[in-house]
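Peer 1: could you look at this predicted model? Sequence included:
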Amino acid sequence: MSIASAARRLKSASMSDPADSPSGLASVADAAAQAPGRGLPPVHLWNPDHCGDIDIVIRRDGTWLHEGSPIGRPELVRLFSTVLRKDPDGYCLVTPVEKLTIRVEDLPFRAVAAVERDGVLVFTTDVGDVVEAGPDHPVRVETDPRTGEPAPALHVRGELWARIARPVFYDLVDRAVVEDDRLVVRSAGAAFPLGPAGAGVA
């Protein structure tokens, strides 16, 4: 069963809760099962043919839509997220035999929680990834040149990033110290500037 076939069966199963027919997700499940434990298949090693687009959109607020309707089951969203990749031509779902382009309005994931453990900031995303910020997983903050609003993000894996939710960013600002007139948080020995000291958070 291909990703395209699985997605078509999402629509016929239930528009409000399309995961009621899990057998339609066989190829995605098979792909995800190739990485025991973490449930993250080696998508960076796969080089399938591009098979076109699929009508899946990840909205700015993190909601996954298929043909305009939310995918209601968190476990199904998690399953799709494990075979998500960003290539030079855009975001796609991949298996060893196919690649289908999807649309992402902002960033594919959202960092919705963060705790500090032994000097390491540990983030949790809306699809269940747990990421330790550090040299391999930096925090970056870009600023909208028009509004001045910060747009914080966390590297998750590959070319995939998570938008840091506003309450989590507020918490980072509270943890920050001033260094060279900048607010900085540290994690796993790395320093991440959040913005100029005294600028506040929009």
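Peer 2: Done, it's in.
Peer 1: which element, helix or strand, includes the closest residue to G90 other than its chain neighbours?
Peer 2: Nearest residue to G90, sequence neighbours excluded (CB to CB, 6 or more residues apart in numbering): T101, at 5.5 Å. Every C-beta, even on glycine, is put in place using the N, C-alpha and C of the backbone. Take DSSP states H and E as the rule and T101 turns out to sit in strand 99-104.
Peer 1: A191 and D180 touch, don't they?
Peer 2: No. Using CB atoms under 8 Å, A191 is not in contact with D180; the gap is 10.2 Å.
Peer 1: same drill for the two, tell me which one is more crowded.
Peer 2: A191 (13 against 8; other CB atoms under 10 Å).
Peer 1: by contact count, what packs against whatever helix or strand that one lives in?
Peer 2: In this structure, A191 sits in strand 190-196 according to DSSP H and E. Judged by 3 or more CB pairs under 8 Å, 6 or more residues apart in numbering; DSSP states H and E, the packing partners of strand 190-196 are strand 139-143, strand 150-157, helix 166-175, strand 182-187.
Peer 1: L107: which of these is closest?
Peer 2: Closest to L107 of these, according to CB to CB: strand 150-157, at 6.1 Å.
Peer 1: can you list the strands that that closest one pairs with?
Peer 2: With DSSP bridges as the test, strand 150-157 is paired with strand 139-143 (antiparallel), strand 160-164 (antiparallel).
Peer 1: before I go, just wanted to say thanks for your time.
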